[in-house]
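Colleague: Sequence and predicted model, in that order:
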Amino acid sequence: MLVRAAIPADLPDLLALDRATPAAAHWSEAEYQRLFTEDTGHITLVIEEDYVQGFVVARDLGPEWEIENIAVAEAVRRRGLGERLVRELLSLAGGRGAQGVFLEVRESNGPARALYSKMGFVETGRRESYYTNPEEDALLYKKNVTAGTRKSVDAGRSL
């Protein structure tokens, strides 16, 4: 499996994964396009083997990063791809000087919550009725990261 920075040619795969993943953030095509056309501080990583099988989108907010969206193809779930994506993102964040990474997740998303807990994220709070369709609370998680040596992720390069 290759983990690399997403490139504009990955846009159709990102959209397809988003649409096929109930727990994804379900961004519009324009929001995904902005990842490649505007300097928004977002970092998008994909994991592929023959095709893109998952992605994670985070935003670099200086000392903290936020995981904003993550999806893994249903056919390859429970094989550690989500964990690998998050680990690579944590390493990248630490390499760029981040002190922590935070996220929010639907309370009912047991598999994601288990993954985040397994990886050392700690529940830090709750946003009541944050999600719609259906209405649901968001749980907030955070993980402190250690500064590393990785400086950047190059498109097409294995991490």
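Modeller: Received it, and whenever you're ready, just let me know what you need.

Colleague: buried set for the helix or strand containing L115?
Modeller: Following DSSP states H and E, one finds L115 within helix 110-118. Within helix 110-118, the residues that count as buried by 16 or more other CB atoms under 10 Å are 112-113, 115-116. Quick note: C-beta positions are derived from backbone N, CA and C, even for glycine.

Colleague: for the chain, longest helix please?
Modeller: helix 81-95 (DSSP state H).

Colleague: Can you report phi and psi for the spatially most central residue of the chain?
Modeller: Centroid-nearest residue in the chain: V56, 2.8 Å away (criterion: CA atoms, centre = their mean). Main-chain torsions, V56, degrees, to the nearest 10: phi -140, psi 140.

Colleague: who's in contact with it?
Modeller: V56 makes contacts with 44-45, 67, 69-70, 82, 85-86, 89, as judged by CB atoms under 8 Å, 6 or more residues apart in numbering.

Colleague: Now do it against V122, distance only.
Modeller: With the distance defined as CB to CB, to the nearest Å, V56 ends up 19 Å from V122.

Colleague: Just the helices from the protein, written as ranges.
Modeller: 11-20, 29-37, 81-95, 110-118.

Colleague: and the second one with helix 11-20, angle?
Modeller: With axes from the mean of the first three to the mean of the last three CA atoms, to 10 degrees defining the directions, helix 29-37 sits at 140 degrees from helix 11-20.

Colleague: Could you check what's spatially nearest to L45, not counting adjacent residues?
Modeller: V56 (5.2 Å; CB to CB, 6 or more residues apart in numbering).

Colleague: give the contact list for R127.
Modeller: Neighbour list for R127: 104, 137-138, 140 [criterion: CB under 8 Å, 6+ apart].
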